[in-house]
Structure formats: C-alpha cells, structure tokens
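Enquirer: pasting the structure only:
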C-alpha cells in the first residue's frame with residue numbers, strides 16, 4: 001500500500017502528464033481542418049455542465065483520453081493509485097464543466113488550477129484555454145490572452161458597479 005504522500009505525488013504526476021497531453025492535442029483538435037469533424041461535437045454546448053464533459057466524438061475520447069492512461073502506465077504500481085487517479089480526474093473534469101466557480105472549492109488550493117471559469121471561457125470563445133487542469137501551458141504559449149483580457153474587463157466592470 002503506497003503512503004499517502006506518494007499517492008498524492010503520483011496523482012499530481014498523472015495530472016501533469018495528462019494536462020500536457022491534453023493541452024497540445026486539444027489545441028490540435030481546434031485546427032480549422034480538424035475541428036469541424038471531431039471536436040465541434042463537444043462544443044455544441046456553450047454553457048458547460050458536469051455530464052457534458054464526456055459528450056464528445058469517439059475519436060476525441062480516444063485522442064484526449066490517451067493522456068489519462070499515460071500517467072497510469074508510467075506511475076501506477078498499485079490499484080489504490082489507479083482508483084485515486086480515476087476519482088481525482090473525474091471530480092476535476094466535472095468541476096471544470098460544472099459552470100460554477102465555487103469559492104471554497106478545495107481544488108482552487110492547487111497552484112495554477114484552471115477551474116470552471118477558465119474552461120467556461122473556452123466553451124464561450126472556442127479559442128484559447130486549451131489545458132484541462134493547469135494554466136501554465138496556456139500562459140506559456142499565450143493561448144490565455146483573450147481570457148486574461150476578459151477577466152481584467154470584468155474586474156473593471158465590477159469596480160464601476162460598486
């Protein structure tokens with residue numbers, strides 16, 4: 001049985017691997033020659049909700065789902081780790097597709113956690129915010145620039161209404 005800190009470390013490793021895979025392949029699925037054939041199905045809902053997370057073309061499920069299993073193949077040496085990673089990933093996936101930015105959400109304690117606002121903007125705008133869990137790839141490649149501008153604009157609007 002793995003110690004709790006090893007379980008957390010390996011789940012974090014799985015999340016980093018999956019997020020990296022997801023960012024680059026998700027960005028590829030938004031290419032104009034591919035998008036309309038595969039990924040557009042997932043974007044039929046502009047206002048995401050939890051169960052919509054799994055609503056996708058079978059090829060998209062295969063392509064993006066592969067990232068989920070890479071971490072398991074590299075880091076999993078106990079069935080408890082497998083169950084922990086499956087549980088964490090499902091909770092995170094439903095959270096980002098929930099449409100709710102819950103302030104006391106414990107996932108918000110994770111540095112660089114994307115959350116539902118980040119992913120909601122992706123469904124609203126269709127461009128940018130390609131990462132599944134963390135924001136670092138979007139920040140590094142500038143694919144969150146429209147989201148960042150949107151957040152700043154919303155902050156200014158909030159200040160004016162106060």
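Expert: Thanks, I have the structure now. Only a predicted model underlies this, so the values are computations on that prediction, with no experimental measurement involved.
Enquirer: next one: stretch 108-117 to chain centre, how far?
Expert: From the chain centre to the centre of stretch 108-117 is a distance of 9 Å (Cα atoms, centre = their mean, to the nearest Å).
Enquirer: and what of stretch 29-47?
Expert: Remark: stretch 29-47 is offset 16 Å from the chain centroid, using Cα atoms, centre = their mean.
Enquirer: what does stretch 15-34 give?
Expert: So, by Cα atoms, centre = their mean, the centroid of stretch 15-34 is 10 Å from its chain's centroid.
Enquirer: and what of stretch 72-90?
Expert: 17 Å.
Enquirer: and that stretch, which residues are buried?
Expert: Neighbour counts using 16 or more other Cβ atoms under 10 Å place 72, 75-76, 81, 84-85, 88-89 of stretch 72-90 among the buried residues. All C-beta atoms are positioned from the backbone trio N, CA, C, and that covers glycine.
Enquirer: Which positions within the worst-scoring helix or strand of the chain on mean pLDDT qualify as buried?
Expert: Here the helix or strand of the chain ranked lowest by mean pLDDT, DSSP states H and E is helix 115-125, holding a mean of 84. With burial defined by 16+ other Cβ under 10 Å, the residues of helix 115-125 counted as buried are 115-123.
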